[in-house]
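> Here is my input, please return the structure:
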Amino acid sequence: MNNKNSERTPKSEMVGQRLRYRLKFTKSGPVRFIGHLDLMSLFAMAIKRAALPIAYSEGFNPHQLISFALPLSLGYYSNGEYVDIALKTDVNCKKLVEALNQNLPDGLMLIAAKAIHPGEKSGAALVSACAYKVLLPEAHRVSVEVAKNFISQDTIVISKKTKKSVADIDILPDIYHFELQEKDGLVTEINMRISAGPNRSIRADSVMKALFDFSGKPYPEYGLIFVREEMYQENAAAPAAQHINDRTLI
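This is a model prediction of the structure:
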């Protein structure tokens, strides 16, 4: 098979002259402190500067057809962000990545792209879990024993704000993986995979706040380093009884 052809959108996806692509990018440096709306604007400007044949919505106020899979919390690093875009003509995926990287600011870098096949859901609809790495500086470390006792509880209940009230919820079923790195009996790093997306979702900092509350130590609001490592979708081929959030979006 010709490699160039394999990087192009299947012809059957050309509905209404709109071709869909999914892009994976990283976020680091000062740009991680910009909000989601500003991030959307940066991508919109980069697409315009790259002269890509972006498709627009219809109506009185047309806008570029760009859709991010899941907003990233302010200040977080990420190695696995995703955005879907629609183009009016076919573009080679490698050239698409190169063109955007030349026009995005420092701290935002595309690392992969793929053409979305006909009928495939958007990244926002697919995502069901996220992997995070949390680094604990020396001043904010908890003991390994406390962390192990925390994740071994029968329930982990937190208070979560809703639109109308505050509800107590058990987040333990939403923590699919919880792994510790340690030094001298203290936790230096936590790697977790937790629920995310339209059906169930918890925040990485909510897990960490619950851990610090369990330990009796005050939560360091700006003292931890969060890195979103990857987003996952459900794997329909896995046994139903298992956690099946193990397929990346690309």
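> low pLDDT regions in this structure?
1-17, 235-245 (pLDDT under 70).
> try it again with 90
1-18, 58-61, 117-120, 160-166, 197-200, 234-247, 250 (pLDDT under 90).
> what are the ranges of the strands in it?
Here the chain has its strands, by DSSP state E, at 19-27, 66-68, 77-87, 108-115, 127-135, 157-161, 166-170, 175-183, 186-195, 225-234, 245-248.
> Which strands or helices does the longest one pack on?
Spelled out, it's strand 77-87. strand 19-27, strand 66-68, helix 123-126, strand 225-234 (3 or more C-beta pairs under 8 Å, 6 or more residues apart in numbering; DSSP states H and E). In this view, the C-beta of every residue, glycine as well, is placed from N, C-alpha and C.
> And the fifth one, by the same measure?
Secondary-structure packing of strand 127-135 (3+ C-beta pairs under 8 Å, 6+ apart): strand 186-195, helix 204-215, strand 225-234.
> closest one to Ala69 among the ones you listed?
strand 225-234 (5.9 Å; C-beta to C-beta).
> Given that closest one, what are its sheet partners and their directions?
strand 77-87 (parallel), strand 127-135 (antiparallel), strand 245-248 (antiparallel) (DSSP bridges).
> Ala204: which of these is closest?
strand 127-135 (4.3 Å).
> residues in contact with the closest one?
69-70, 80, 82, 176-177, 188-197, 199-200, 204, 208, 224-234, 243, 245, 249 (C-beta atoms under 8 Å, 6 or more residues apart in numbering).
> if we can go back for a sec, ranking the helices and strands packed on strand 77-87 by burial, who's on top?
strand 19-27 (a mean of 22; mean count of other C-beta atoms under 10 Å).
> Strand partners (parallel or antiparallel) of it?
When DSSP bridges is applied, strand 19-27 pairs with strand 77-87 (antiparallel), strand 108-115 (antiparallel).
> And the shortest one, how far out from the chain middle?
By that I understand strand 108-115. 14 Å (C-alpha atoms, centre = their mean, to the nearest Å).
> Check the first one too.
Using C-alpha atoms, centre = their mean, we find the averaged C-alpha position of strand 77-87 to lie 8 Å away from the chain's own average C-alpha position.
> still on that earlier bit, I'd like the strands paired with strand 19-27 as CSV, with distance to Ala55 and mean neighbour count appended.
CSV is the format used below for those (distance: least, C-beta to C-beta, whole Å; neighbours: other C-beta atoms under 10 Å):
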stretch, distance to Ala55, mean neighbour count
strand 77-87, 4, 22
strand 108-115, 14, 18
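> Quick one, which of those gets closest to Val97.
Nearest of the strands paired with strand 19-27 (C-beta to C-beta): strand 108-115, 4.6 Å.
> For stretch 199-212, which outside residues touch it?
By C-beta under 8 Å, 6+ apart, stretch 199-212 touches 73, 76, 128, 130, 132, 134, 142, 146-147, 150, 156, 158, 160, 171, 174-175, 190, 192, 194-196, 218-220, 224, 226, 228.
> Write a PyMOL command that selects only the buried members of these.
One line in PyMOL is enough to select the buried ones among the contacts of stretch 199-212; burial here means 16 or more other C-beta atoms under 10 Å:
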select buried, resi 76+128+130+132+134+142+146+147+150+156+158+171+174+175+190+192+194+195+196+224+226+228
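> coming back round to it: can you convert the strands paired with strand 19-27 into CSV and add a column each for distance to Phe214?
Below are the strands paired with strand 19-27 laid out as CSV (distance: least, C-beta to C-beta, whole Å):
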stretch, distance to Phe214
strand 77-87, 25
strand 108-115, 36
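> and of the ones you listed, who's closest to Ala46?
strand 108-115 (8.2 Å).
> residues contacting the residue lying closest to Leu104 once chain neighbours are set aside?
Among residues not flanking Leu104 along the chain, Ala46 sits closest, at 4.8 Å (C-beta to C-beta, 6 or more residues apart in numbering). Counting by C-beta under 8 Å, 6+ apart, Ala46 touches Leu100, Asn103, Leu104.
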